[in-house]
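1. Structure of the sequence below:
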Amino acid sequence: MNFLKSNMILGTVFVLITGTISHFIYDWSGQNYILGLIFPTNESTWEHMKLVFFPMLLCAFFLNRRLMADYPCITSALLAGILLGTFLIPVLFYSYSGILGNHFLWLDIAVFALSVILAFGASYRLTLSCRAKNYGNLFGLLVFVVLLCFLFFTYHAPALGLFTDPTKQF
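-> Residues are numbered from 1 along each chain as shown. Got it, this is the predicted structure:
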């Protein structure tokens, strides 16, 4: 197995584990305000997008530093992967729950896992092909905007379904 592939697999495992643990950190911290900016504060789809975004962003910093010399296209590829994985959460969740008319915990977990796997798979392929290299600045800007949105909307969520905590509807 090549060096890039093994690092992407390790990154996938890291994000799957840290994303899963991240689901509980806000409550474990006694609902610490600062930690709520990074970790999900409720069961909304928006907050669950953090399970991919922040662990993958952290992982991307390490992978980028480690692999940039050998793989000059990795930065843009990882940024694209972060965006893909983050936004696959609502796309896949609303697709399956819309089709089935309900959501199921085991499918929610599968959506998370599939989003992470596809994000790293895309990052791997884009690193090798360099097709995302010309869009690195755009992807970086978009990741930064999403980061700002997470920081703002965590405690100032608009009244939209994406931000609604289904456990607090009744």
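2. per-residue confidence averaged over stretch 19-26?
-> What stretch 19-26 shows for mean pLDDT is 97.
3. tell me how far it is from the chain's mean position?
-> Relative to its chain's centre, stretch 19-26 lies at 13 Å (C-alpha atoms, centre = their mean, to the nearest Å).
4. can you check stretch 40-50 too?
-> The chain centroid and the centroid of stretch 40-50 are separated by 11 Å under C-alpha atoms, centre = their mean.
5. Just the endpoints, please. Distance across it?
-> 6 Å (C-alpha to C-alpha, to the nearest Å).
6. List the buried residues in it.
-> By neighbour count on 16 or more other C-beta atoms under 10 Å, the buried set for stretch 40-50 is P40, T41, N42, S44, T45, W46, E47, H48, M49, K50. Glycine gets a C-beta too; all of them are placed from N, C-alpha and C.
7. Could you pull up the mean pLDDT of stretch 144-160?
-> Here the average pLDDT along stretch 144-160 is 96.
8. Span of it from start to end?
-> Stretch 144-160: ends 22 Å apart by C-alpha to C-alpha.
9. Flag every buried residue along it.
-> Of all the residues in stretch 144-160, those buried under the rule 16+ other C-beta under 10 Å are V146, L147, F150, F153, T154, A157.
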